Each structure stands twice: as structure tokens, then as C-alpha cells.
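Participant: compute the structure for the input listed below.
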Amino acid sequence: MVGRYWTFALVALLLLTSIPSDLFAGKGGAIKGGRSSASASFGPKVTTLKVRAPAKVSVTPEVKVQSRDVLGRYTSSDTPAQTPKKPTKPIVNSLPANTQPLAATKYDSAAANAARAEESKRAYQAELAAKAQVEAAKVRAAQVVAQAQARAAQAVEVAKLQESQRQAAALRAAQAAKVARDQARAAAIEAKCQQSLAAYRAAHPLPIPPKIIVVERPVVHQNVIVDVNVVRGFDSVVWERNHRDRYGRFSTPNYRAPIVIRSCYHDNIDSLFYRSLLAMSAIDQANWAWRHQRELDRQRLDDLRTNAQFSATYNALAAANVAQDLSYQPKGVSAADVYNETYLKEQAKLQAKHDAEVTAQQKFDAEQKAKQDAYAVQQAKYEADLKIAAQKAAADSVAQQPVVVDQQPTAAEQELVRQNEAVRRELAESQRQQQAYAAQLALQNANQQDAQRKVEVTKQISTAQDQNKQSEGHGFLYYVFLTLVVCGLGYFLIFRLKIVPSKD
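Facilitator: Got it, this is the predicted structure:
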């Protein structure tokens, strides 16, 4: 703002001083008077205008002037009316609207403005004190509500604990009943399987074994079984060529299947089941063989041990088959192998997770059972003490006489009372700590809010004072600028245009 004033003043002075005097004076010299025709400087004829000086008028030095004072009253003085000085701009108080003083007029002094600002500050401080009292009352009410809520929450927690104990007891009872039902069902299924297996063996006795006995163990390596159907580029011809030496040809009667099912689950359907197994994919076959490995091993052992002459041959061939299975190396890793390895890893992870959950549940049940046992022992001891006290009172009583019971509490009752008192003391101490913490937190929040309000009020007052100072500086610069403009105009009229009064 100041730079603009100075720039405008310098530009005006340069323009005024750059105008040549010959433009107005013409060839005849200076213009006497102050007015001439437009062609005086350019034509051969020059018209000189004579300006007469105005007649002198006598002015009475003392004139009675009737004017009004600052309060609006008419006053009469013997001295000429003097122009009042321009008052300084009053300080504007930038406090909030609810604490703003009355509007300042142009006749108010700085002292009045300061007093009004101090009064507004005191009113705002009183309002802050009232708000602080209200906040303190709110904090006390909140503390009372928090105490009531804490007591209600404690009651709810006790009820929840009792309900959880009841649900745990019901769950344990249901689990015990389920275990009993599962055990009975498993026993029934096992009995039925044994009966079916005995019937099948009675109806299908073992044939006379040939001289050369080939004992084929169930498939251990999952990538041995390959789907004979056209699945992913494999067909029966390729499968027969790769497995002809070990299992025989699929199209000939002497074909020996790698897996033979003789159990209660598949009675009299060996060939049908094997055909359905061939219709499966390689992954399904491998998974089935892996899941039923133990059943197949046990069934083959049972079949071999029924005949005593197979025992020696079985031991030798079992060792040979184990060595052959361990020495088997596939030509390449197929997608089925990768899938099966991943499946086994996932199954192992799931099994480990299940075992961990079972262990955790067992540990939790053991802890609950230990607590219940301890409570049951304590309750039994308490009931025994009560029973002994009742027997003692009955023995000491007289026939047809009121029984006077000893009011002295037993050791168990005293222990229970002591425990209850300890629990009450702990609850009271925790409530006291919570109340102290809430009061400390409320006091800290009130102090922070008060400090923040004081900082805001100080900033507002300093901003108002800065604005007043800046406005006063601008007014001074405005007066300086007007003085420079008047001086420049006078210089231009007197020294550049040389306008002088006529001597006539």
C-alpha cells in the first residue's frame, strides 16, 4: 500500500515537470493572465489577455459563529470556528460477538476504547469461569454415571460367568452323550463288518495256490496307478506296455490287478469295483489307494495268514516287495504327483491344527474340571461342617425344648466371609482408582481448554492492535501524499507555466 502511494506521487511529478513551457507560452514568451486562445502558440497573431487583480476586501477578524459541540448542543463564541482535528481511528475490539462492547463512535478517545476492551475482557473471563463450573458439574455427573455403569457391568459379568459355567456343564454332558453314541455305533459297524467278512470267507474259500506265488502289495507310490482311459494323453496301450512285466496284459485272462478288494465293503464285486476304479482319474485313484492303504495291508495279511504254508513265502516276498517299492523311481513328475504332494501337506497341516485344537480343548476341560473338583471339595467340606453342627445341636437339644443353636460361625464360614471381604476391598480400591483417574483427566482437559482460550484471546487482541497501528500508518502516508501533490501543482503553475497577475 505504501509503495503504491510513493510510486503514484513520483509518476505525477515526472509528468508535470516533463511538460515544456514553450507549449503554453508560444513565441511571445510567458502568458500574462492565465487564459489564451488555442492558436496563440501556433499562429502569427498573439492575443494577450489581461487579468485584473481582484479588489481588496476587508474582512472583520472577529466573527461570532454559532456551532454545535460534540454533544449536539448549540454554542456561541466570539472567536472564529476552528476546524476540529481529525480523531485517530479507535481500537476495534475483535472479541467474540457475545462479548463485543458498544459500537465506538468517531468522538471516542483511546482511553474509552481501552476501558471498553478491558470490560469486555473481564466479561469474557467471567463467562469462561461459568463455563468451567458447568464443565466441572458435567464431570461430576459423568463420574456418578460411570460408577453406576461399572456396578451394572460387574453384575452383568457375574451373570455371564454363571451362564457360561452352566453352558459349559451342558456342553460337557452333550459331548459325553455324543461320545457314547459314537462308540456304540462304531461297535455295531465293526460287528457287522466282521460278520460280513466271515460270511464272505465261508462262501469264497481260498483256492489252491500255484507253485509260483506272486504276492502283490497294495500300491504305496501314488504315481504308479495310471488311468487306462484316454485321460491327458494316456491310453490303455501305453499303460499295458509300461506295466506288462509286472501286472500282465489287461486283455488276457491272466491279468493280475494291482489292487484286489476283499472286505465287507465290497462283497462279491471285485471286478466291478476295479472297473469303476479304472474309470477314475489318476488323482482319484492315488487318493483312494492312499486312504485305503491300511485296510488293504490288513486284508492281505489276513488272507495270507489263513494258510500256514504261506508264512515263509510271505516273509521273503514282503522284503522283496518293500525293496522294489523303495527302489522305484518315476520317469518324470506329473501334475498328479504335485497335486498329491500338496494335498498331503495340506492334510498334514489340517491334522496338526486339529490336534492342537483338541489339545487346547482338553487342557481347558482339565482346568475347568480341576476348578469344579476344588469347588466340589470345598462345598462338600462346607456341607459336612453344617451337618456336624446340626448333629451337635440335635444331640445337645432337650426333648420338646427349643433348640439353641450356637451362633459362632464355623471355620468354613469364616473363610468365606474373609474371601468376600477381600473381594469387596479389591472392588472398592479399583473404583477409587478409576474415580481418581477420571478426576485427573477432567482437570487436565479443563486446564488445556482454559489455556487454549487464553491464547486465542491474546491473539485476537494483538491482531486488533496491529490492524489499528497499520491503519494509522496508512493515514499518515495519505497526508504526506496529498502534501506532495499540492506542492507539485504549485511548482508547475508558478515556475513552469509562469502564470503571474497583470499589472494593470
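
Participant: measure residue 358 to residue 151 for me?
Facilitator: 40 Å (Cβ to Cβ, to the nearest Å). All C-beta atoms are positioned from the backbone trio N, CA, C, and that covers glycine.

Participant: where does the prediction get shaky in the stretch 201-350 of the chain?
Facilitator: 205-283, 285-286, 289, 296-297, 299-311, 314, 321-343 (pLDDT under 70).

Participant: let's see that with 80 instead.
Facilitator: Within the stretch 201-350 of the chain, the ranges that satisfy pLDDT under 80 run 201-347.

Participant: all strands for the chain, in order.
Facilitator: For the chain, the strands defined by DSSP state E cover 65-68, 74-77.

Participant: quick one: the helices in the protein?
Facilitator: With helices called from DSSP state H, the chain shows them at 2-18, 22-25, 110-203, 236-247, 270-278, 282-291, 293-305, 310-327, 335-396, 411-491.

Participant: deepest-packed of these, please.
Facilitator: Of the helices of the chain, the one with the most neighbours on average (mean count of other Cβ atoms under 10 Å) is helix 282-291, at a mean of 18.

Participant: what residue spans form the domains of the chain?
Facilitator: 1-51+410-504, 212-331 (automatic domain parsing).

Participant: give me the phi and psi for residue 292.
Facilitator: Main-chain torsions, residue 292, degrees, to the nearest 10: phi -100, psi 20.

Participant: and it, how far from residue 348?
Facilitator: Shown here: residue 292 relative to residue 348, a distance of 19 Å by Cβ to Cβ.

Participant: repeat for residue 202
Facilitator: Noted for residue 202: a distance of 41 Å to residue 348, by Cβ to Cβ.

Participant: and if you look at residue 358?
Facilitator: Taking Cβ to Cβ as the measure, residue 358 falls 15 Å from residue 348.

Participant: go on, residue 491?
Facilitator: On the measure of Cβ to Cβ, residue 491 and residue 348 end up 107 Å apart.

Participant: mind listing what residue 164 touches?
Facilitator: Listed by Cβ atoms under 8 Å, 6 or more residues apart in numbering, the contact set of residue 164 is empty.

Participant: then residue 410?
Facilitator: With contact set as Cβ under 8 Å, 6+ apart, residue 410 has these partners: 385, 386, 389.

Participant: repeat that with 7 Å
Facilitator: By Cβ atoms under 7 Å, 6 or more residues apart in numbering, residue 410 lies in contact with 385, 389.

Participant: please export the C-alpha coordinates of stretch 347-354 as PDB.
Facilitator: Extracted as PDB, the C-alpha positions of stretch 347-354 are listed here (Å, rounded to 0.1, in the frame of the first residue of the first chain):
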ATOM      1  CA  GLN A 347      -3.800 -82.700   5.100                       C
ATOM      2  CA  ALA A 348      -0.800 -82.700   7.500                       C
ATOM      3  CA  LYS A 349      -1.400 -79.100   8.300                       C
ATOM      4  CA  LEU A 350      -5.100 -79.600   9.000                       C
ATOM      5  CA  GLN A 351      -4.300 -82.600  11.100                       C
ATOM      6  CA  ALA A 352      -1.700 -80.700  13.100                       C
ATOM      7  CA  LYS A 353      -4.200 -77.800  13.600                       C
ATOM      8  CA  HIS A 354      -6.900 -80.300  14.600                       C
END
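
Participant: give me the contacts around that stretch.
Facilitator: Where contact means Cβ under 7 Å, 6+ apart, no residue beyond stretch 347-354 reaches it.

Participant: number the chain from 581, please
Facilitator: In the new count, where the first residue is 581, that last one comes out as stretch 927-934.

Participant: ok, now how distant is residue 1046 from residue 707?
Facilitator: With the distance defined as Cβ to Cβ, residue 1046 ends up 25 Å from residue 707.

Participant: ah, wrong one, I meant residue 696
Facilitator: Going from residue 696 to residue 707 by Cβ to Cβ gives 16 Å.

Participant: do the same with residue 936
Facilitator: From residue 936 across to residue 707, the span is 64 Å (Cβ to Cβ).

Participant: give me the below-cutoff pLDDT ranges for the stretch 581-730 of the chain.
Facilitator: Ranges of the stretch 581-730 of the chain meeting pLDDT under 80: 581-689.

Participant: cutoff 70 now
Facilitator: Residue ranges of the stretch 581-730 of the chain with pLDDT under 70: 581-586, 597-688.
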